[in-house]
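Participant: No letters, just coordinates:
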């Protein structure tokens, strides 16, 4: 998304503005994370309170059974979680996460993680991430607990 | 550990035998996991009901804050968990994991994960993994729930 | 809900039928659980893949701070989870649960737990439960992992 | 434990002092918790970084299968966790807990929960609680994440 398009939507009012800011935050975090490049992790979309990213399971991401390593599935979910819990432009970090593994991720398969904010209080929030395979089956469900650290993720005029 | 040394210990009786078998299982899994090579993950030791591995946090493992990505810390813990829950030579897989993040992992730092079996029943078991930094501080605590799938991980004469 | 009303809805076709069956299951479990009587736990509603129950925080449910004991909040969520994971009329039990505590439950306050099925596979399913206070604030978020044991919860003609 | 015995041990030096203080804290919390009386929950022992309590599974604690309700098992574990994370005399509260259910608790059976501090940092700590049946089998494993709120649980001269 280029600067022009952000500004366009931002003019439409507060809600759009917040979604545009959230997308700008996700883009900034994506750019800052070395892991995103190392894993060819793609930002698929983001708004206030949600984010979606994807990754193709490469050979170097396989466990001894030839399926996606649990740590790789977690890492994808954790990335969507991080973008989402930072989407209000308050620096926030993960405190706890619980993941249920439901179906293996296959070699060569594109996995998608979609995070949504389940609730958010003054200092803490809870986020649910759903990781799905190409056929739509659920690979994992992730619940993350985040805590704000304070400070902004982006300058407010960075999102234009 | 070479074949000779395994046989030496194995002759000492059942307990040694089981620990030697557990080490052979960890070595086999380590060799089969593409992720271990991709992440330069080292097997530091293993026995029945425990395993230890380590990894140096490379630049390509950093998040946007310049510290170890949560997915990388989880992946290290998850690997020690997998070796430990398979250490009885019954194929076992992860069903659920919960991780508490306590301190960031630093760039260039060697992180070590040590898993221990907390309990094991007929079909399920619970494992605790402690991830520590070079200075001994606790980076994360991980609790894993595993379920047996049946079948052996190694042929019983593979461990010699 | 009386038998007549169940039959009425059941005639409307499969979807209604499944929701009526789910409600009959929740009612049966509610009646069988001694805890429901002990805690004055109310069934507020149920359908296939969801259930809602409530409880007033009595004095004998308070911790040392004078707020709802964490175990009481968990128990309410766990009950909604049990009804929901059994709502397909396949006997199912809890394997793991993770709960984030976000706000205390107050003395005398009515807490409501609403469970929804996040995903369900052949043997396992994941459920999210949201516990809220009278003012709508979120008291806790609960993620449950369930596993089917096989067998029916109710006779199919029990739901009429 | 009476006042005299606490003072006796307290004179022996700092370690004993801290364990005596931890026991005094557990006793105070036990006395303040209405739930302890409602559930006939017993304090079995406590020291700095650990606590043990027990409860007999009464008829009013049974679920629809005639076994201990998951919420009751959680509540027992959560109580041992609360005493342990407060054992350093800094007010601390639960943020997150994950529990794996391994074996049912039986009607009339005494269940025991033993909590131990796995790690403790400046603001957060992680605690593992093991719930066992009368025959020693593991009923559940619980992992709790606690956060300090500040302030003391007891006056330092309250432990004598």
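Facilitator: Everything's here; your move. Every value quoted in this text rests on a predicted model; they were computed, and no experiment measured them.
Participant: so does stretch A:60-72 get close to chain C?
Facilitator: No. In terms of C-beta under 8 Å from any C-beta of the partner chain, no part of stretch A:60-72 sits within range of chain C; the closest distance is 14.6 Å. Every C-beta, even on glycine, is put in place using the N, C-alpha and C of the backbone.
Participant: and that stretch, does that touch chain B?
Facilitator: Yes. Counting by C-beta under 8 Å from any C-beta, chain B has neighbours in stretch A:60-72: A:60, A:61, A:62, A:63, A:64, A:65, A:69, A:70, A:71, A:72.
Participant: just those residues now: which is nearest residue C:32?
Facilitator: The closest of these to residue C:32 turns out to be residue A:70 (C-beta to C-beta; 36.9 Å).
Participant: burial measure for residue A:59, as a count.
Facilitator: Other residues lying near residue A:59 total 11 when counted by other C-beta atoms under 10 Å in any protein chain shown.
Participant: Contacts only, for it.
Facilitator: A:107, B:34 (C-beta atoms under 8 Å, 6 or more residues apart in numbering or on different chains).
Participant: List the buried residues of stretch A:124-136.
Facilitator: Neighbour counts over stretch A:124-136 (16 or more other C-beta atoms under 10 Å in any protein chain shown) mark A:124, A:125, A:126, A:127, A:128, A:129, A:130, A:131, A:132, A:133 as buried.
Participant: Can you check what angle separates the host helix or strand of the fourth one from strand C:124-132?
Facilitator: Taking DSSP states H and E as the criterion, residue A:127 maps to strand A:124-132. Note on geometry: by axes from the mean of the first three to the mean of the last three C-alpha atoms, to 10 degrees, strand A:124-132 and strand C:124-132 are set 160 degrees apart in direction.
Participant: List only buried entries from the residues of stretch A:60-72 next to chain B.
Facilitator: Among the residues of stretch A:60-72 next to chain B, those classed as buried by 16+ other C-beta under 10 Å are A:60, A:61, A:62, A:63, A:64, A:69, A:70, A:71, A:72.
Participant: so who does the closest residue in space to the last one that isn't next to it in sequence touch?
Facilitator: Nearest non-adjacent residue to residue A:72, counting by C-beta to C-beta, 6 or more residues apart in numbering or on different chains: residue A:61, 4.5 Å away. Contacts for residue A:61 (C-beta under 8 Å, 6+ apart) come out as A:39, A:68, A:69, A:72, B:34, B:35, B:38.
Participant: so how far is the strand holding residue A:127 off the chain centroid?
Facilitator: 9 Å (C-alpha atoms, centre = their mean, to the nearest Å).
Participant: in what helix or strand does the residue of chain A found nearest chain D lie?
Facilitator: Chain D sits closest to residue A:96 of chain A, with a gap of 4.4 Å, by C-beta to the nearest C-beta. For residue A:96, the host element (DSSP H and E) is strand A:92-101.
Participant: Report the next helix or strand after that strand in sequence order.
Facilitator: Counting by DSSP H and E, what follows strand A:92-101 is strand A:110-120.
Participant: anything in that following strand near chain C?
Facilitator: Yes. Counting by C-beta under 8 Å from any C-beta, chain C has neighbours in strand A:110-120: A:118, A:119.
Participant: Leaving out sequence neighbours, find the closest residue to residue A:151.
Facilitator: residue A:91 (4.6 Å).
Participant: What about that neighbour, how many residues nearby?
Facilitator: 14.
Participant: can you check residue A:31 too?
Facilitator: Residues near residue A:31, counting by other C-beta under 10 Å, number 11.
Participant: Same question for residue A:38.
Facilitator: 17.
Participant: All good on my end, thank you.
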